[in-house]
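Could you look at this predicted model? Sequence included:
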Amino acid sequence: MAAEGLAARAAAVGLLGAVLGEGRLMTQAVADPQGPLSGLPPGDRARAQRLTLAVLRHLEPADKVLEPHLRKAPPRMVRDALRLAVVEIAMGGAAHGAVNAAVEIVRRGKRTGHLAGLVNAVLRKVPEQPFEGLPPQRMPRWLRQPLVHAYGREVVAAMEAVQAGAPPLDLTVRDRAEAPEGVVLPTGSLRLEEKGQVSALAGYAAGGWWVQDAAATLAVRLLDPKPGERVLDLCAAPGGKTLQLAAAGAQVTALDLSEARMARLRENLARCALEAEVVVADALDWTPAKQFDAVLLDAPCSATGTIRRHPDLPFVKDGSEVAGLVALQAQLLDRALGMVRPGGRVVFCTCSLLPEEGEGQLASALARHPGLSVERVAMPGVEEAWWTDAGGLRLRPDHWAEAGGMDGFFMARLKGVL
């Protein structure tokens, strides 16, 4: 039997095994030349990734649907094939295709062939709307508990509802550049509901836009770069903010530790016909020849604000890295403050929902450096409720929930030098 879409579905089961069984990030599993996507044509690769992400967004509801029909836990690969079929049915896919594919994937497994009948029997009992009445996927306890404490249960539930949906695609578009049709958000980003292949979208080759979540764009707008200013983008890769800064006319130095990630930044600069000095170095060791007018620090963090786009993160991380990241962020912020001229400014941001990586960092920086002050900048589309009492900007996935939400971020603009 050669079921339609079988290769993509089998690869999706493999990707689920890499994430849930091996604790690997999706990006790692996708890039692995010997991984589940090896040898697949582009269309099947893309479909496998979409299916995997969908299962990760609905894993808990899928398990609740399957639980009454399984007397004992099947092997992981079998469970993942069952989960995939349930999620496909819930998404409105043809039940017979999803069921037949799951049965065939299990039948072809070296150690699972004898369970093909079980898979068929279980999936035949799944209703047409399997998730009806079930709550959305919940964040893991290590993350959910501090978020409930910080924002309340209703807000966290609203975040989870947004994270359960496939996110739209946001573009940052240069003035008068060709771009696909979409909705212009209040902050100026262009939002697309139907993505397709990004490189095939109108205006891609001409370099008039780049992919960048609407929330991420606000860090540069908070910095408010002026033409001709010398600006350092610290921890710059993959480079969306570097492109923003260069498009604003700033003289940009983009610094990051990763040569591989900076290669992509260079490619995007070339495609968009923008210029920046690209430096591969450790920000804690590198010293500029001259201080900058402004520094943008998008510090390494837990990335918990990006779960709507990266639903694998809760299954790979356990929160143990947060304390080390908080310490690193403080070091990097102090370095950034020392790299600006008197009267210059620093924007600190993290794509994290955890207060210790945002509001807490701001409070600690102000306590360490009494000469620092926080500046607010008027930005179109930014709602008053998003500003904290201390002057930082707290963005959450449930902001603009009806339009697809946004990434979670914290950002603050600081003035003063060490």
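That came through fine. Numbering: from 1, shown residues only.

Helices of the stretch 101-250 of the chain, residue ranges please.
Assigned by DSSP state H, counting those that start in this stretch, the stretch 101-250 of the chain shows helices spanning 116-123, 141-151, 153-163, 214-223, 240-247.

So, low pLDDT: which residues of the protein?
For the chain, the stretches with pLDDT under 70 are 1-4, 417-418.

got a list of what Ala116 touches?
Counting by Cβ atoms under 8 Å, 6 or more residues apart in numbering, Ala116 touches Val103, Glu104, Val106, Arg107. The way it works is simple: take the backbone N, C-alpha and C, and place the C-beta from them, glycine included.

ok, the nearest residue to the last one once chain neighbours are set aside to Ile105 distance?
Using Cβ to Cβ, 6 or more residues apart in numbering and skipping residues adjacent in sequence, the residue nearest Arg107 is Ala116, 4.0 Å away. Computed as Cβ to Cβ, to the nearest Å, the Ala116 to Ile105 distance reads 9 Å.

Mind listing residues that contact stretch 209-217?
With contact meaning Cβ under 8 Å, 6+ apart, stretch 209-217 is reached by 169-174, 177, 179, 185, 187-191, 198, 203, 240-241, 243-244, 268, 272, 298, 305-306, 309, 351, 395, 399-400, 406-409.

Strands - which of those land there?
Leu169, Asp170, Leu171, Thr172, Val173, Leu190, Arg191, Asp298, Leu395, Phe409 (DSSP state E).

Select from these the one having the most neighbours.
For the ones in strands among the contacts of stretch 209-217, the largest number of neighbours (other Cβ atoms under 10 Å) sits with Leu395, at 28 neighbours.

Touching, that residue and Gly405? I think so.
No. Checked against Cβ atoms under 8 Å, the pair Leu395 and Gly405 is beyond contact range at 9.9 Å.

Include distance to Val13 when you put the helices of the stretch 101-250 of the chain into CSV, please.
CSV is the format used below for the helices of the stretch 101-250 of the chain (distance: least, Cβ to Cβ, whole Å):
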stretch, distance to Val13
helix 116-123, 12
helix 141-151, 26
helix 153-163, 22
helix 214-223, 32
helix 240-247, 32
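
quick one: Leu274 from Leu265, how far?
For Leu274 relative to Leu265 (Cβ to Cβ), the value is 10 Å.

what about these two, which has more around it?
Shown here are Leu274 and Leu265; by other Cβ under 10 Å, Leu265 has more neighbours (22 against 19).

wouldn't that one be in contact with Val280 here?
No. With contact defined as Cβ under 8 Å, Leu265 does not count as touching Val280 (10.0 Å).

Between these two, which contacts overlap?
Asp256.

in stretch 348-366, what counts as buried?
348-359, 361-362, 365-366 (16 or more other Cβ atoms under 10 Å).

Mind checking which of those residues are in strands?
Those of the buried residues of stretch 348-366 lying in strands (DSSP E): Phe348, Cys349, Thr350.

Which of the buried residues of stretch 348-366 fall within helices?
Under the assignment DSSP state H, those contribute Glu359, Gln361, Leu362, Ala365, Leu366 to helices.

I'd like to know which of these is nearest to Gly391.
Leu362 (8.0 Å; Cβ to Cβ).

for that closest one, what are its contacts?
Phe348, Val374, Ala390, Gly391, Gly392, Phe410, Ala412.

hmm, which of these are the buried ones?
Buried among these (16+ other Cβ under 10 Å): Phe348, Val374, Gly392, Phe410, Ala412.

These: which two are farthest apart?
Val374 and Phe410 (12.3 Å).

related to what we said a few turns ago, can I get the ones in strands among the contacts of stretch 209-217 in JSON lines with distance to Asp334?
Converted to JSON lines, the ones in strands among the contacts of stretch 209-217 look like this (distance: Cβ to Cβ, whole Å):
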{"residue": "Leu169", "distance to Asp334": "36"}
{"residue": "Asp170", "distance to Asp334": "32"}
{"residue": "Leu171", "distance to Asp334": "34"}
{"residue": "Thr172", "distance to Asp334": "30"}
{"residue": "Val173", "distance to Asp334": "35"}
{"residue": "Leu190", "distance to Asp334": "36"}
{"residue": "Arg191", "distance to Asp334": "36"}
{"residue": "Asp298", "distance to Asp334": "16"}
{"residue": "Leu395", "distance to Asp334": "24"}
{"residue": "Phe409", "distance to Asp334": "21"}
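
which residue is nearest the middle of this structure?
The centroid of the chain falls nearest to Thr306 when counting by Cα atoms, centre = their mean (3.4 Å).

Could you list which residues are in contact with it?
Counting by Cβ under 8 Å, 6+ apart, Thr306 makes contact with Asp213, Leu313, Cys351, Asp407, Gly408.

Could you rerun that using 7 Å?
Cys351, Asp407 (Cβ atoms under 7 Å, 6 or more residues apart in numbering).

Gly39: neighbouring residues, count only.
The burial count for Gly39: 11, using other Cβ under 10 Å.

so it is in which element?
Per DSSP states H and E, Gly39 falls between elements, in no helix or strand.

returning to that earlier point: wait, which of the ones in helices among the buried residues of stretch 348-366 is closest to Ala378?
Leu362 (19.5 Å).

just to revisit the earlier point, what's the overlap in contacts for Val374 and Phe410?
Common neighbours of Val374 and Phe410, using Cβ under 7 Å, 6+ apart, are Gly392.

any idea where the strands of the stretch 201-350 of the chain begin and end?
209-211, 230-234, 251-256, 277-280, 292-298, 340-350 (DSSP state E, counting those that start in this stretch).

Gln49 is in contact with Val30, isn't it?
Yes. Gln49 is within contact range of Val30, at 6.5 Å (criterion: Cβ atoms under 7 Å).

Skipping its backbone neighbours, what lies nearest Cys349 in space?
The nearest residue in space to Cys349 (Cβ to Cβ, 6+ apart) is Met411, at 3.6 Å.
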